[in-house]
Structure formats: structure tokens, C-alpha cells
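In: 3D, please:
(chains A and B)
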Amino acid sequence: MTDKTVVETMRNFDHTAPQQMNDPYAMYEAFRTRCPIGRSEQHGGFFVVSKYETVKKLFEDYSSFSSTDGVGIPPHPYKMYPIDLDPPLQAKFRRILNRRFTPEAVAVKRDEVQRVINALIDDFIESGSADLASQLVRPLLPRIVLPLLGVPSEARQQMSDWIEYMTRGRATDMPGVIKAGEDISMFLGGLVAQRRAAPPVDDVIGALLEAQIDGRPFSDDEILRTLLIILFGGLDTTSAVMLESLLHLARHPEDRERLRTGAVEWPVAIEEFVRYTSPIQGLRRTAKVETELEGQALKPGDWIFGLHGSANRDEAVFEQASRCLLDRQPNPHVAFGSGAHVCLGRNLARLEVEVLLRTVIERMSDYHVADDFSPEYLVGEARGMKSLPVRFTPAQAAARA
Amino acid sequence: MDRAVSRGAFLEFSMAKITFIEHNGTQHTVDANTGDSLMQTAQNHAIPGIDADCGGACACATCHVFVADEWIARVGPASGNEDAMLDVVEERRPGSRLSCQLIADDSLDGLVVTLPASQR
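Out: Okay, the predicted model is just below:
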């Protein structure tokens, strides 16, 4: 790419465009090396930063770059908490949520995660083939995350559909997104009201109902906006990491073996899967003071989109950044974000990914993808594989074994 | 002079001895490199009780420490963002600081900080 074509590519950059984002990494490299801050004219115009250090600065310097005007492009029609807040108010929400998502707090979910994964695999393991996206990964996460929040599991499918629509429909059907948002808010609002009248339960809704912020209880509205972002975060992003890892391991039996034998430690490998996937490819901040990034003057109100997906492939930080190297250490990736808004559910995601991969390697040890398989992605701020068809030697379902 | 200090002196690093006291009373006296924050120092030495979720951006209030009374004046008060973030912690005291904002240098040699029961 010449410098001129890079500027032109930048001008047309649109993270919601499948043709750009199905495989964005060559484009990101051109941005990093030739246009470290550029301007896209899409969606009303926004600056784009792509280098690791610049992306980190954007997300860590909340005094200059604010979340209170939203973090998506196009903006979400519904403000969510605490993602659309800045510290210190943001931290008051996080304090209440953090303690439910520590490594210790999520470790007790391991058996339940294992049980759900085994049951889903039982449903297809005798057939010798499956789409791991629609038959394993996507059905799995609502079964774990909704009970944690306190959302009844009957609402599973509806909730997943609403979230999917609000995640990916903003570029094409804003009225539909607004409708989905109203429906989900109505549902969650009703649920919170019910729970206020019921005996306390030990889940996220229960914690928010009991907690205080600035000496007063949370309002129903604040609680539902908090539940919304946990749903966004808990369903889509984790599935992206699972599918990318499963594809890598299908194509690299030697890595499967290294994990199986313990030659690579799971926690180390999982950080690399998360870096390599970068399920959130980018998010927005809004300049709140006159400032600059990469020599570009910025004024209050300017939108800046920071590309986590590009930062995690920056050769200045990661050698052989385009390769998934399971024993990569240190691995200071920003796939969970950086700064105040670092992913709340990261410890749960790590656990879910580990149990899933362990179980697939063990129960479907020879699973493989077709040689000509070429993944297609759902794109937006979040990017995840649409489907992952695999074949394997059929085995008996555990219940009948 | 112990080996770490003599090696540091040879390389013209300076170090400050910092004592972290866990909530349960366990003491850790470690060498902090000049320029490192106390949060980084604690993490380098695997001292439990400092979470530092945000990685040192003064944005999460999960690296809270209590500076020992006799050190409060010498360390100085929190200002700006740190002062605002300290309103988020469970129990703010006169010696409350966020350890990501305390940068080690010779003047902090001998500093003692205690850790709260929980950062959550």
C-alpha cells in the first residue's frame, strides 16, 4: 500500500463493514506503520489510532478521553453502566461488581461450566460432525452467564437474540436496535422490580439491590443498564475467543498435544488465544479537553477509535505478532482492555475458555476442519466467527457411556 | 551490604527498602527500584493484597495502601484524580494512598505501608 492508498483506506475505514473486517490485519499493519493516527469519514467522522502505546494511552487517560458520551460507533442508543462512565463514578459501580468476578469467586463455577459443556457435547458427539459455533459455543454462554446475573434461563434465546441485534444492527437498522433495546429494557426492568419484592438471592441482581452508591441504593434504571453491559460482554466476546482457539487447535494438532501433555501451561496459552483473537477489535473515546495524540491536535467532542485488534498485533511489542504462539511470555495484550474499564468478566472468560478447550481436546481428540475452510466473521466493535464445522470420530455420549 | 544492594550500587541503580504489611500482619520488606511505583514493586515481589486492576492508570482504586503515620507528611497528600479515586475505597484514612501513584526513590527508603483487608 502506498501512503496515499493508506490515507484513502483510512478515510473509508468502517469496522462494521464485513469486507474490511473479515480479515483486517493487513489493513491494521498499514495503519500502524504509515498512518498511526488517521481519520475515517464514515459514521460522521472519527479519528483512528492503531499502535499499542497510543491505544493504551487512549484507554488509560480518562482525564483527556472520556467514555461518558458512549464507546461505540455508531453510538448505542442506550447508555450502559459502568462502561459509559468515567472514574471515579465508574469505579463505584465496579467495586460492587468486581468482587463477584474475582478468580476465587468464579472458580466455584468450574463444575457447572463443565457440566453444561459435557451436556452440549453429548448432543452431537455420536454423529461425528458438528458446527461448534451453533451447537456448542453459542448455546453454552447464556447457560453460564444468565444464572450468574439472576436472569431466568427460559429467557435465554430471547436474550441472546436481542443482544446480537443490539451488538451488530447499529450500522444497518437503528430503529430495529432501538426496538430491541426497548424490549430488553422492559424485560429486565420488570425482572428487577420483581426481585425488589422477593427474598434476597445471591446473584448480580441481588448484589446490586443490596448495594449503595453515594449513600443511596441503586435505582432500577441503573441496575438494568448494568445488567445490559454484562450481557453484552458475557455472551459475544467469549464465544469469539473460543471459536478462534478451536480453529487454531484444529489446524495445529501439535499445539493440541502440547496442551494435553502440559508442555504449555493453560493460563499462558489462554492469554495468547485472547490476544490473538482480540474479540473487541476497537472502541471509542471522546476527547474532553484540547489535547493531542501522535501529533494530531484534538478538540473536545472529537471521536477517537482505538483498535485493540491492531495494538495486539504491534510488532514493537509482540514478536511474530501475527502468529499464535501458545507459550508467548510476557504477553501484555490489551484484548481485555486497558485502564479503568478492563474487562469485568475476564476471570470467568478465562475459566470458560479453559474448560471448553480441555474438554474438546479430550472428548473429540481428532476433530478437524476441512482443508478449504475459510472462516467468516460477524463484525463490529466485536468480531467473532460465524460458524466452525468440524468432523471427528464419533464417540458415546457420556450419559450412555 | 547484601548482594542485591552492592549489585545495584555497581550498576548505579538506587533502591529504597519498602515494607508492606498485609492485613493479617505478614511483613514483606523488599527493594524497590527508583522510578517504579509501589504497586509495581508489590507485584514484582508477588505480595498479595494489591489487585491493581487498571494497571496503574489511577482509575480503579484497587491498589489502596495505608501509609504509616510517621511517613504521611514525608510522602505528601494525594491530589487530583488520586484524591477523587480514594473516595471510592472502603475505608479512607489520613494515610490512604493509591500505591500506583507512589513512586519509589531514595526519600522513601524505610517506608512502611499496610494493606486493607480487601481491595474489593
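In: residue ranges with poor pLDDT in chain A?
Out: Applying pLDDT under 70 to chain A flags residues A:399-401.
In: right, and A:Asn118 touches A:Thr359 too?
Out: Yes. Using C-beta atoms under 8 Å as the test, A:Asn118 is close enough to A:Thr359 to be in contact (6.8 Å). For glycine as for every other residue, the C-beta is placed from the backbone atoms N, C-alpha and C.
In: specify the beta-bridge partners of residue 65.
Out: By default, I'm working from chain A. Per DSSP bridges, the residues bridged to A:Phe65 are A:Ala287.
In: please refer instead to chain B.
Out: Taking DSSP bridges as the rule, B:Val65 bridges to B:Arg97.
In: what does the helix or strand that A:Glu8 is a member of contact?
Out: Using DSSP states H and E, A:Glu8 maps to helix A:3-11. Applying C-beta atoms under 8 Å, 6 or more residues apart in numbering or on different chains, the contact partners of helix A:3-11 are A:Met1, A:Met27, A:Ala30, A:Phe31, A:Arg34, A:Cys35, A:Gly38, A:Arg39, A:Ser40, A:Glu41, A:Val48.
In: got CSV for the residues you listed, with distance to A:Cys324, neighbour count and secondary structure too?
Out: Formatted as CSV, the contacts of helix A:3-11 follow (distance: C-beta to C-beta, whole Å; neighbours: other C-beta atoms under 10 Å in any protein chain shown; DSSP: H, G, I helix; E, B strand; the rest coil):
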residue, distance to A:Cys324, neighbour count, secondary structure
A:Met1, 25, 16, coil
A:Met27, 19, 19, helix
A:Ala30, 21, 19, helix
A:Phe31, 21, 24, helix
A:Arg34, 25, 17, helix
A:Cys35, 26, 20, coil
A:Gly38, 28, 21, strand
A:Arg39, 32, 18, strand
A:Ser40, 28, 20, strand
A:Glu41, 34, 12, coil
A:Val48, 25, 22, strand
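In: from these, which is closest to chain B?
Out: A:Val48 (21.6 Å; C-beta to the nearest C-beta).
In: the closest one and A:Val137, how far apart?
Out: Between A:Val48 and A:Val137 the computed distance is 30 Å (C-beta to C-beta, to the nearest Å).
In: repeat for A:Lys92
Out: Distance of A:Lys92 to A:Val137, given as C-beta to C-beta: 34 Å.
In: the two: which is more packed in?
Out: A:Val137 (25 against 19; other C-beta atoms under 10 Å in any protein chain shown).
In: which ones are touching the more buried one?
Out: Neighbouring residues of A:Val137 by C-beta under 8 Å, 6+ apart: A:Ser239, A:Met242, A:Leu243, A:Leu246, A:Leu356, A:Leu388.
In: give me the nearest residue to the third one, chain neighbours excluded.
Out: Sequence neighbours aside, A:Met385 is the residue nearest to A:Leu243 in space, at 4.0 Å (criterion: C-beta to C-beta, 6 or more residues apart in numbering or on different chains).
In: okay, now the one you found: neighbour count?
Out: For A:Met385, the neighbour count with other C-beta under 10 Å is 20.
In: what's the neighbour count on the residue nearest to A:Ala193 when sequence neighbours are not counted?
Out: Leaving aside its sequence neighbours, A:Ala193 sits nearest to A:Asp220 (C-beta to C-beta, 6+ apart; 6.2 Å). Using other C-beta under 10 Å, A:Asp220 has 18 neighbouring residues.
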